[in-house]
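>>> have a look at this prediction, sequence included:
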Amino acid sequence: MVQTRKVLTGNEAVARGFYEVGGLLASSYPGSPTVELLEAVKEYKEIYAEFSVNEKVALEVAIGSSFYGARSMVSMKHVGVNVAMDPLMTFTQTPMNGGFLLVTGDDPGMASSQNEQDNRLIGKFANMGIFYPGSSQEAKDFVKAALPLSEEYGMPMMLDITSRVCHGRGVVEEGEREIHKPKGFTPDNTKYTMLPPITHARQYAMKERLEALAEYAYDAPFNLYEEVEGAKVLLIATGLVYQNLLELQLPYSIYRPGMVYPLSSRRLLELREKYDRIIVIEEMMPFMENELKLLGITCEGKEWFSFTGELHTEDIEEGLFKAGLLTEKRSIDMEKTSVVSRPPMFCSGCPHRPVFDILKKMKVTVMGDIGCYSMSVLPAFEASHTMISMGATVGITKGMNKVMRMEGDEKPLVSVIGDGTFFHSGMTGFANLLHQVDEKDNMTFIVLENGTTAMTGGQHNGSSGKYDVADDLHMDIQKILNTMGIDNVQYVDQFDYKLFRDTLKAEVKKTGISVIIATRPCALKFKIKEPHYYVDPKICIGCRSCVKTNCPPIRMKNYEGIEGLKSSIDPSMCVGCSVCSQVCPVGAIKPSKIKEA
């Protein structure tokens, strides 16, 4: 076999493992930390890959592929699995025809997520085998182990990979692709139609296959036992925590299960007899710790280590010091230097900026949603007041509106949702608006149609074909809403600042359901650049109206011979959106005459 060594991210390594094991179909919905996984899969022409409209649909696409006998993979961030739970919890009852792998990207420390969900719990809940890699090489190896086991034991597998492993890089041994031809689909109601009484039997089948897999795990190659002669303490760690633990070079034995569920009860009960203390070191929930305790094994864990965030080497050392296993801490405490914070901000020319500048000035209550526009919660805008999950804004707005009217509160509500989120999970909320409509309702919805799933790197969505003729999805949101029965829907260009402001103010004053679709595309994705703008410092009054739009190229500075700070625009960053010029009260900001190359 020809092997090469490459430096790959964990995401790239998962993609490589799927390629080498003969995978044929991979689906996903973009969400950090697993976005780049499908992007990497797309490089392999032998595999069909797609970003589906949401995680539920992505899962269903992969289910269909698996039903036909193809090795299939679906990937999503940890909260995305919540969206896919309905089909997942039924599908896991079926015997696998083609190997099936669900890759979920957990996010300890919430680097880019609204919660810190430990999806090992979901994997167990769904009766799946769970692999937990801690390096790029393990990520590839575990994919190649999981899919054949999925077929052998007739069960779906989960690869739970964390943010740092997804994005971190490591040397990976690459091999050749295995050809795995699908068996085809043979109708069999006892396998693929999950209705009573068929499902009654499948409950026992799930139990039996987990027991068989646990027996296989006893001496499986992906579960490592590193014995230190004479040691009376066993440390159990997996994933990146195991890698961090190794840096301490401790005189204790280590058990590192690559598959964290099901654990081998036979192996663990044997180990219990050899050690005086067993300490489980794991991020987030005490998942393995609880599994040991269910086996009647006395162990320690979360009393020494944090239940939230990542566990770095110094955190592990601190916990073991508290547990009395270290007499001193050897890690060097990094000097904490004060660094000027740089909060996330909208890109130059982002079409969301004028919308939230207007909303902030209007001082209305705004229900927000998930996307780039989530940053509207942060300074300098602070223009959105709720943020829960994809598409939730529509139902939340309705619920608040109904209770407000019951209490005689006539204040209007504004809801903001992106086009990608609209197609992901917003459409059902809009359909539900029409249930028990009241003439006193006052809800205004702004759909930010920028033609891209921007926050995760510019993946397409249902509107992308409007701005990119090469994209095969061009769904008209106005027509969709009109067909549902929502009549007051209009397109408005948010870069016509006055028009958008006046339109929004007028709609907010009306009762009923109003929808404004903001029309400008993502400047970054579609490389939009018009002649830049500049400031005439002799006219500028230093009022900072332009600065308050929070556009990156704009700052205040001293001009030679002119008293006081005046506004300025970095021409290398300006993309010519013109919003600053429109909010300037004295006409000090003007377009350059030179067209940018």
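On my side now, so go ahead. Numbers count the residues shown, from 1 in each chain.

>>> just checking, Met484 touches Asn432?
No. The pair Met484 / Asn432 is not scored as a contact, 9.9 Å apart, by C-beta atoms under 8 Å. Placement of C-beta: from N, CA and C, glycine included.

>>> for the stretch 251-400 of the chain, what spans make up the strands?
Secondary structure of the stretch 251-400 of the chain (DSSP state E, counting those that start in this stretch): strands located at 253-257, 259-261, 277-281, 365-367.

>>> of the ones you listed, flag the one that's most buried.
Highest mean neighbour count of the strands of the stretch 251-400 of the chain: strand 259-261, a mean of 25 (counted as mean count of other C-beta atoms under 10 Å).

>>> sheet partners, orientation included, of that strand?
Using DSSP bridges, strand 259-261 pairs in its sheet with strand 129-131 (antiparallel).

>>> ok so, going back, quick one: the strands of the stretch 251-400 of the chain as JSON lines, columns for distance to Pro571 and mean pLDDT too.
Formatted as JSON lines, the strands of the stretch 251-400 of the chain follow (distance: least, C-beta to C-beta, whole Å; pLDDT from 0 to 100):
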{"stretch": "strand 253-257", "distance to Pro571": "55", "mean pLDDT": "97"}
{"stretch": "strand 259-261", "distance to Pro571": "54", "mean pLDDT": "97"}
{"stretch": "strand 277-281", "distance to Pro571": "53", "mean pLDDT": "97"}
{"stretch": "strand 365-367", "distance to Pro571": "33", "mean pLDDT": "93"}
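
>>> where are the low-confidence patches of this structure?
Applying pLDDT under 70 to the chain flags the ranges 1-2, 331-338, 594-597.

>>> for Thr453, which residues make a bridge with it?
Beta-bridge partners of Thr453, counted by DSSP bridges, are Gln459.

>>> just the helices in the stretch 151-300 of the chain please.
For the stretch 151-300 of the chain, the helices defined by DSSP state H, counting those that start in this stretch cover 163-167, 189-192, 198-216, 239-246, 265-272, 287-294.

>>> in a markdown table: the strands of the stretch 251-400 of the chain, plus distance to Val83.
What follows is the strands of the stretch 251-400 of the chain, written out as a markdown table (distance: least, C-beta to C-beta, whole Å):
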| stretch | distance to Val83 |
| --- | --- |
| strand 253-257 | 29 |
| strand 259-261 | 22 |
| strand 277-281 | 30 |
| strand 365-367 | 19 |
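
>>> out of the helices of the stretch 151-300 of the chain, flag the one nearest Met455.
Among those, the nearest to Met455 by C-beta to C-beta is helix 163-167 (15.2 Å).

>>> which neighbouring elements make contact with the closest one?
Judged by 3 or more C-beta pairs under 8 Å, 6 or more residues apart in numbering; DSSP states H and E, helix 163-167 is in contact with helix 10-20, helix 35-41, strand 100-106, helix 239-246.

>>> quick revisit: so which of the strands of the stretch 251-400 of the chain is nearest Gly31?
Of the strands of the stretch 251-400 of the chain, the one closest to Gly31 (C-beta to C-beta) turns out to be strand 365-367, at 21.0 Å.

>>> quick one: list the elements packing against the closest one.
Using 3+ C-beta pairs under 8 Å, 6+ apart, strand 365-367 is in contact with helix 392-406, strand 413-418.

>>> could you say which of these is packed most deeply?
Counting by mean count of other C-beta under 10 Å, strand 413-418 has the highest mean neighbour count of the helices and strands packed on strand 365-367, with a mean of 27.

>>> CA atoms only: put that one into CSV for me.
Coordinates of each C-alpha in strand 413-418 appear next as CSV, following Å, rounded to 0.1, in the frame of the first residue of the first chain:
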residue,chain,number,x,y,z
LEU,A,413,-42.0,44.0,17.7
VAL,A,414,-39.3,43.6,15.0
SER,A,415,-37.8,40.3,14.1
VAL,A,416,-34.6,39.8,12.0
ILE,A,417,-33.7,36.5,10.2
GLY,A,418,-31.2,35.7,7.5
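
>>> would you turn the helices and strands packed on strand 365-367 into TSV with distance to Val547?
Putting the helices and strands packed on strand 365-367 into TSV (distance: least, C-beta to C-beta, whole Å) gives the following:
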stretch	distance to Val547
helix 392-406	29
strand 413-418	23
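
>>> Leu326 is nearest to which of these?
With distances scored as C-beta to C-beta, the stretch of those nearest to Leu326 is helix 392-406 (45.7 Å).

>>> between that closest one and strand 413-418, how many degrees?
Counting by axes from the mean of the first three to the mean of the last three C-alpha atoms, to 10 degrees, helix 392-406 lies at 170 degrees to strand 413-418.

>>> who's in contact with helix 392-406?
Contact partners of helix 392-406, identified using C-beta atoms under 8 Å, 6 or more residues apart in numbering, comprise 367-369, 386, 388, 410-411, 413, 415-417, 425-426, 429-430, 432-433, 438, 440-443, 445.

>>> quick one: buried residues of stretch 548-565?
For stretch 548-565, the buried set under the neighbour-count rule, 16 or more other C-beta atoms under 10 Å, comprises 548-551, 553-554, 565.

>>> circling back: so which of the helices and strands packed on strand 365-367 gets nearest Glu174?
Proximity to Glu174, assessed across the helices and strands packed on strand 365-367 by C-beta to C-beta, is greatest for strand 413-418 (37.5 Å).

>>> how about the strands of the stretch 251-400 of the chain, which one is nearest Ser112?
So among the strands of the stretch 251-400 of the chain, strand 365-367 is nearest, using C-beta to C-beta, at 21.5 Å.

>>> what about Ser306, neighbour count?
Per other C-beta atoms under 10 Å, the neighbour tally for Ser306 reads 15.

>>> mind checking how far the closest residue to it other than its chain neighbours is from Glu283?
Leaving aside its chain neighbours, Ser306 sits nearest to Asp315 (6.8 Å; criterion: C-beta to C-beta, 6 or more residues apart in numbering). Applying C-beta to C-beta, to the nearest Å, the value for Asp315 to Glu283 is 9 Å.

>>> out of the two, which sits in the more crowded spot?
With neighbours defined as other C-beta under 10 Å, Asp315 and Glu283 compare such that Glu283 has more, 25 against 18.

>>> how about the more buried one, what does it touch?
Taking C-beta under 8 Å, 6+ apart, we find Glu283 in contact with 108, 162, 239-241, 309-311.

>>> mind giving me the PyMOL select for the residues you listed, buried ones only?
Buried residues within the contacts of Glu283, by 16+ other C-beta under 10 Å, are selected in PyMOL with:
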select buried, resi 108+162+239+240+241+310+311
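
>>> including distance to Thr511, could the contacts of Glu283 go into a markdown table?
Converted to a markdown table, the contacts of Glu283 look like this (distance: C-beta to C-beta, whole Å):
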| residue | distance to Thr511 |
| --- | --- |
| Pro108 | 46 |
| Thr162 | 48 |
| Gly239 | 54 |
| Leu240 | 54 |
| Val241 | 56 |
| Gly309 | 47 |
| Glu310 | 49 |
| Leu311 | 54 |
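
>>> could you identify the most distant pair in the contacts of Glu283?
Spatial extent of the contacts of Glu283 (C-beta to C-beta) is set by the pair Gly239 and Gly309 at 14.2 Å.
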